[in-house]
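**Student:** Just the structure for this:
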Amino acid sequence: MKKIIMIIGAIILTLSLPLSSTAASTQRFPDVAPSHHFAEAVNDFAARNIIGGYPDGTFKPGNPITRGQAAAIIAKLTKLDMTKIKNPGFKDVSTANGYYKAIAALAEAGIISGYGDGRYGPNDSVTRGQFASILVKAFDLPRYDFHSIKNPFRDIHVSQSHGENILILYKLGITTGTSPNTFGINAAVTRGQAAKLMKATEEKKPSMVTLEAEDVGMDEIAGVRGKTDTDLYESVMVYEKPGYTKTKIQLIPLKEGKGTLNVSGLMLTGVPYVSPNERVYKKYQVQVKKVSGVLKLTLQETDDYLPTEAPLEMSADEKVQNISLSTVDGKIVSDNVAFNNCPSNISWTDNMCIKIDQPGEYIATARFVTGDEVRYAVEAKLPENAYFNYYIQTMRERRSYTFDVEKLFERDEYYDKVAAKNIGKHTIDTANANEIATITRDPGTNVFHVTAKKIGVVEVDFEHVVEGRLGQVGDDTEGQTWGMRIEVQQLGGLTGIKLSKKYEFYR
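**Tutor:** Numbering: from 1, shown residues only. Sure thing, here's the model as predicted:
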């Protein structure tokens, strides 16, 4: 049963009726010339009664904006409720202060805070770092992780209190630095600059869906997993900070299309030390559509599963002509299954993948262009934790296997080829190896012959290790192979032999 839980498209904040281009560009203050880079923002906000000038009719764009002024503008701009407010208790902000309601509303929303000595400092100037944090919180911008953004600024680092928020503004194109490689985190923000920054934040805030625990029927969200469409939308986990925000998920659509989302969380028992919290999992179909030029993301809760790829191990010289699929009891599912190349987690093999759309045990038969056939056992189980894809196990039928040890290294990013040809003597390090498989080696070569007998693992050590690197350049791991594991498996009534390295990473 499907249940639509929300249709949300958090579009760029709409704060008032649209302005005509004439109204937005009308010069409101004699000291804000149309040529000033902040003029459009100042005039727009003035027309919307978001900001005002001084009694003499000027705006004084070069004056530093104060913490009180910033609070008043942000509260109006984000339409915070300033009627039902709790006194934040700042000792230098009385209820008679002209900025009291705005400061109280922002403090209650977790957008601003005071100093350690209990003051707020309404007349203090706002620094560029502080203003970045205010904008991120006030507009609920995506809380991208510091390390996920390329940092161009020498004066910004991860341990700074405003560093992450500065990079969020930079990533979204809201602001740059005071120079190509400095942000000027402690420089004061002028009134003109503040107007331009706020206007840019309005315009560049991405379309976004924010999920809190109650939105997904949970008491507490724990995380997001099982996302299958990495380019359809971004998911950002925001973890709870007292007085700042609840734990929530931000979903930023990137393009039109359909995808999936898994959410995990807790249902709290409310009885400490008696019953444990219950972890729950939910899954949603995701759809992104463009509406009036803006991407909107919608979620639909579902119990459906998705067809899941089952990898069939092939060697590089095996060319598939046809794959048929049947159940283990012989019922034909398809005599011509669609197949495609897919990544292999075994470095020396290729994979050909077929899709399984129902749980069960199957036999896939691959016919090669040579006329040879190979059978594969395929098992598809319902996944744990409400994921979309089945848990898949596959095994190539292989009761005997002949291979050269160098096959283990064929697709490594690098390996010592001389050492791979000179592993020296081998030692079988499993007591009952003869009960599991018969293992022989051609004299003077690295060619082994294995014949399966029963389920089990035989460990073989090499006299000489082979150094090498696994993975791709920039994402590789160095280490040494000092032996191999020969595993006899059974699945779906078939028997197979699997080969793997005994590999040790260098620390």
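
**Student:** doesn't K502 make contact with M484?
**Tutor:** Yes. The criterion here is C-beta atoms under 8 Å, and M484 meets it with K502 at 6.0 Å. Where you see a C-beta, it was placed from the backbone N, CA and C, and this is true even at glycine.

**Student:** Which one's more surrounded, the two?
**Tutor:** More crowded of M484 and K502, by other C-beta atoms under 10 Å: M484, with 21 against 17.

**Student:** Secondary structure element for that one, which one?
**Tutor:** Assigned by DSSP states H and E, M484 belongs to strand 475-491.

**Student:** Give the buried residues for that strand.
**Tutor:** 479-484, 486-489, 491 (16 or more other C-beta atoms under 10 Å).

**Student:** I'd like those as a markdown table, with distance to D140 and pLDDT appended.
**Tutor:** Below are the buried residues of strand 475-491 laid out as a markdown table (distance: C-beta to C-beta, whole Å; pLDDT from 0 to 100):
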| residue | distance to D140 | pLDDT |
| --- | --- | --- |
| G479 | 45 | 87 |
| Q480 | 50 | 91 |
| T481 | 51 | 92 |
| W482 | 53 | 93 |
| G483 | 54 | 95 |
| M484 | 54 | 96 |
| I486 | 56 | 97 |
| E487 | 51 | 97 |
| V488 | 56 | 98 |
| Q489 | 51 | 97 |
| L491 | 50 | 97 |
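
**Student:** Redo these as TSV? Include distance to T66.
**Tutor:** TSV is the format used below for the buried residues of strand 475-491 (distance: C-beta to C-beta, whole Å):
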residue	distance to T66
G479	59
Q480	63
T481	66
W482	67
G483	70
M484	71
I486	74
E487	70
V488	76
Q489	71
L491	71
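
**Student:** of all those, which two lie farthest apart?
**Tutor:** Q480 and L491 (31.4 Å; C-beta to C-beta).

**Student:** hmm, back to that, mutual contacts of M484 and K502, please.
**Tutor:** Contact criterion C-beta atoms under 8 Å, 6 or more residues apart in numbering; residues shared by M484 and K502: 459-460.

**Student:** How far does stretch 442-460 stretch from one end to the other?
**Tutor:** 15 Å (C-alpha to C-alpha, to the nearest Å).

**Student:** err, stretch 116-132, not the other one
**Tutor:** End-to-end distance of stretch 116-132: 20 Å, with C-alpha to C-alpha as the criterion.

**Student:** ok, and for it, which residues are buried?
**Tutor:** By neighbour count on 16+ other C-beta under 10 Å, the buried set for stretch 116-132 is 120-122, 124-132.

**Student:** do the same with stretch 186-196
**Tutor:** Under the neighbour-count criterion of 16+ other C-beta under 10 Å, stretch 186-196 has 188-196 buried.

**Student:** just stretch 350-357 next, same as before
**Tutor:** For stretch 350-357, burial by neighbour count (16+ other C-beta under 10 Å) applies to 350-354, 356.

**Student:** Distance check, the residue nearest the centre of the chain against Y415.
**Tutor:** Within the chain, the residue whose C-alpha comes closest to the C-alpha centroid is S235; the distance, by C-alpha atoms, centre = their mean, is 5.5 Å. To Y415, S235 is 38 Å away according to C-beta to C-beta, to the nearest Å.

**Student:** now R367
**Tutor:** R367 is 34 Å from Y415, by C-beta to C-beta.

**Student:** the more surrounded of these two?
**Tutor:** Remark: of R367 and Y415, Y415 carries more neighbours, 21 against 14, as counted by other C-beta under 10 Å.

**Student:** what sits against the more buried one?
**Tutor:** Neighbour list for Y415: 409, 466-469, 481 [criterion: C-beta under 8 Å, 6+ apart].

**Student:** is it true that K282 touches A386?
**Tutor:** Yes. At 6.2 Å, K282 counts as touching A386 under the criterion of C-beta under 8 Å.

**Student:** And the contacts of the lengthiest helix in the chain?
**Tutor:** For the chain, the helix with the greatest residue count under DSSP state H is helix 191-204. Residues outside helix 191-204 that contact it (C-beta under 8 Å, 6+ apart): 12-13, 15, 32, 36-38, 40-42, 44-45, 51, 59-65, 69-70, 73-74, 77, 126, 131, 135, 139, 141, 169, 172-175, 189.

**Student:** Now, of those residues, which are buried?
**Tutor:** By 16+ other C-beta under 10 Å, the contacts of helix 191-204 give 32, 36, 38, 40-42, 44-45, 51, 59, 61, 64-65, 69-70, 73-74, 77, 126, 131, 135, 139, 141, 169, 172, 174-175, 189 as buried.

**Student:** In the stretch 351-500 of the chain, what residue spans correspond to helices?
**Tutor:** For the stretch 351-500 of the chain, the helices defined by DSSP state H, counting those that start in this stretch cover 417-420, 433-436.

**Student:** Which one of those helices has the poorest average confidence?
**Tutor:** Here these differ in mean pLDDT, and the lowest is helix 417-420 at a mean of 92.

**Student:** what's that helix packed up against?
**Tutor:** In terms of contacts (3 or more C-beta pairs under 8 Å, 6 or more residues apart in numbering; DSSP states H and E), helix 417-420 is packed against strand 456-472.

**Student:** and the strand it packs on with strand 475-491, angle?
**Tutor:** If you take axes from the mean of the first three to the mean of the last three C-alpha atoms, to 10 degrees, strand 456-472 sits at 150 degrees to strand 475-491.

**Student:** Would you mind pulling up the elements that strand 456-472 packs against?
**Tutor:** strand 414-415, helix 417-420, strand 426-428, helix 433-436, strand 437-441, strand 475-491, strand 494-505.

**Student:** Show residues contacting the fourth one.
**Tutor:** When contacts are taken as C-beta under 8 Å, 6+ apart, the neighbours of helix 433-436 outside the stretch itself are 430, 439, 452-458, 488.

**Student:** can you tell me how far the closest residue to Y99 other than its chain neighbours sits from I323?
**Tutor:** Leaving aside its sequence neighbours, Y99 sits nearest to G68 (C-beta to C-beta, 6 or more residues apart in numbering; 3.7 Å). Distance, G68 to I323, using C-beta to C-beta: 71 Å.

**Student:** One more: S179?
**Tutor:** From S179 over to I323 (counting by C-beta to C-beta), the distance is 60 Å.

**Student:** and what of Y362?
**Tutor:** From Y362 to I323 the distance is 11 Å (C-beta to C-beta).

**Student:** Same check on T308?
**Tutor:** For T308 relative to I323 (C-beta to C-beta), the value is 16 Å.

**Student:** When S179 and I323 are compared, which one has more neighbours?
**Tutor:** Higher neighbour count among S179 and I323: I323, with 21 against 12, using other C-beta under 10 Å.

**Student:** Quick check: the more buried one touching V337?
**Tutor:** Yes. Applying C-beta under 8 Å as the test, I323 and V337 come out as touching, 4.6 Å apart.
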